[in-house]
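Colleague: Generate a structure from the sequence data that follows.
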Amino acid sequence: MKIVVACDSFKGCMKSEEANAHVRNGIHRLDDTIEVKSFPIADGGEGTVDAFVQTCAGEYVEVNTTDAYGKKITTTYGVIEDGATAVLEVANIIGLQMHPKEKRAPYFGSSFGVGTVILDAVRRGCKKIIVGLGGSATNDGGMGLLQALGCRFYDHRHQYLSPQAVNLEKIRYIDFNRLNDLKGIELIAACDVKNHLLGTEGATFVFGKQKGFFPNQLKQIDEGMRNYRNQIRRYLNIDLDALEGGGAAGGIGAVLIGILHAHISQRK
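Modeller: Modelled structure (predicted):
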């Protein structure tokens with residue numbers, strides 16, 4: 001008899017490989033003659049890089065970046081297919097599990113670090129970049145990611161705004177002139193949700209509380225996200241709220257799909 005074991009991670013508790021090992025050991029306690037093949041899997045969240053690297057005989061690349069709150073960190077992403085494809089996950093760059101509950105501050109979280117990792121993969125010559133969108137600590141609509149790629153955001157006085165959720169409602173002007181739109185790079189947004197950006201089924205109301213927002217803050221943040229959507233639509237004629245999966249990773253999905261023309265790959 002042959003058995004295939006492929007368990008996803010148990011968020012914050014056990015990696016995919018660890019879960020597989022426990023199941024394999026349990027099977028062998030019953031019958032050690034059974035042939036067990038185990039494979040790490042992931043849904044776009046934590047463990048996505050490991051699953052690709054181990055399954056596709058890839059390699060890990062270390063890169064210096066910043067976490068959700070601007071702290072300098074060193075993280076890794078995967079390179080597969082002889083260096084042609086990079087695989088990164090927001091969970092090990094701006095991940096929720098990187099910060100204890102009492103220190104989560106989603107008002108001030110930024111997706112900037114994800115953009116710097118994408119740019120590192122581009123500099124390495126990768127022509128395809130897969131971005132796993134599960135497990136983020138941020139809810140900035142991808143504002144930080146856009147800034148890392150060259151955008152700048154300003155308030156009604158033309159004062160610069162840092163890319164954080166707290167500033168979404170203040171945006172009145174956006175400078176897209178220096179945006180690196182990653183032309184020639186195939187982007188794939190990997191996620192397991194279909195939520196849109198706004199509303200009671202959107203990024204803020206569905207995922208905001210687990211990231212640290214209090215219930216009485218959700219409406220204000222969602223209104224800020226609506227302003228962000230409106231300002232981008234004014235400049236680019238793109239409605240970020242119209243995109244299925246746009247609410248993934250606090251709105252990073254919307255930026256990847258709507259502005260950077262990523263394909264979306266969703267778990268069925």
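Colleague: Spatially, what comes nearest to the most far-flung residue of the chain relative to its centre if we skip its sequence neighbours?
Modeller: Within the chain, the residue lying farthest from the chain centre (C-alpha atoms, centre = their mean) is T33, at 41.3 Å. The shortest distance from T33 to any non-neighbouring residue, by C-beta to C-beta, 6 or more residues apart in numbering, is to M1 (7.9 Å). Any C-beta I mention is one placed from the backbone N, CA and C, and that applies to glycine too.
Colleague: Could I get the contacting residues of that neighbour?
Modeller: Going by C-beta atoms under 8 Å, 6 or more residues apart in numbering, M1 touches D31, T33, I34, E35.
Colleague: List only those of those flagged as buried.
Modeller: Among those, none is classed as buried by neighbour count (16 or more other C-beta atoms under 10 Å).
Colleague: For the residues you listed, give me a markdown table that also has distance to G45, pLDDT and secondary structure.
Modeller: Conversion of the contacts of M1 to a markdown table gives the following (distance: C-beta to C-beta, whole Å; pLDDT from 0 to 100; DSSP: H, G, I helix; E, B strand; the rest coil):
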| residue | distance to G45 | pLDDT | secondary structure |
| --- | --- | --- | --- |
| D31 | 33 | 72 | coil |
| T33 | 35 | 75 | coil |
| I34 | 30 | 81 | coil |
| E35 | 30 | 81 | strand |
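Colleague: element containing the residue nearest to P215 when sequence neighbours are not counted?
Modeller: For P215, ignoring the flanking residues on the chain, the nearest one in space by C-beta to C-beta, 6+ apart is K209 at 6.6 Å. Assigned by DSSP states H and E, K209 belongs to helix 203-211.
Colleague: contact partners of that helix?
Modeller: 96, 104, 106, 109, 136-139, 141, 195, 197-200, 213, 215, 217-218, 221-222, 225, 246-248, 250-251.
Colleague: Now with 6 Å, please.
Modeller: If you take C-beta atoms under 6 Å, 6 or more residues apart in numbering as the criterion, helix 203-211 is touched by P106, A137, N139, N195, L197, L218, I221, D222, G247, G250, G251.
Colleague: Check stretch 258-268 too.
Modeller: Outside stretch 258-268, the residues within contact range by C-beta under 6 Å, 6+ apart are 43, 182, 187-192, 238, 240, 243, 245, 256-257.
Colleague: Tell me how far I73 lies from L149.
Modeller: Taking C-beta to C-beta, to the nearest Å as the measure, I73 falls 19 Å from L149.
Colleague: Between those two, point out the one with more neighbours.
Modeller: Applying other C-beta atoms under 10 Å to I73 and L149 shows that L149 carries more neighbours, namely 23 against 16.
Colleague: List the contacts of the more buried one.
Modeller: G115, L179, N180.
Colleague: what number of residues lie near A21?
Modeller: Neighbours of A21 (other C-beta under 10 Å): 15.
Colleague: that's a strand at it, yeah?
Modeller: No: counting by DSSP: H, G, I helix; E, B strand; the rest coil, A21 falls outside a strand, being helix.
Colleague: re the thing from before, going by distance to G47, which of the contacts of M1 wins?
Modeller: E35 (24.3 Å; C-beta to C-beta).
Colleague: returning to that earlier point: if you count neighbours, what's buried in the helix holding K209?
Modeller: A203, T204, F205, V206, F207, G208, K211.
Colleague: same deal with stretch 143-157?
Modeller: Those would be M143, G144, L145, L146, Q147, A148, L149, C151, R152, F153, for stretch 143-157 by 16+ other C-beta under 10 Å.
Colleague: In terms of helices and strands, where is A189?
Modeller: strand 186-191.
Colleague: For K2, see how far away N20 is.
Modeller: 15 Å.
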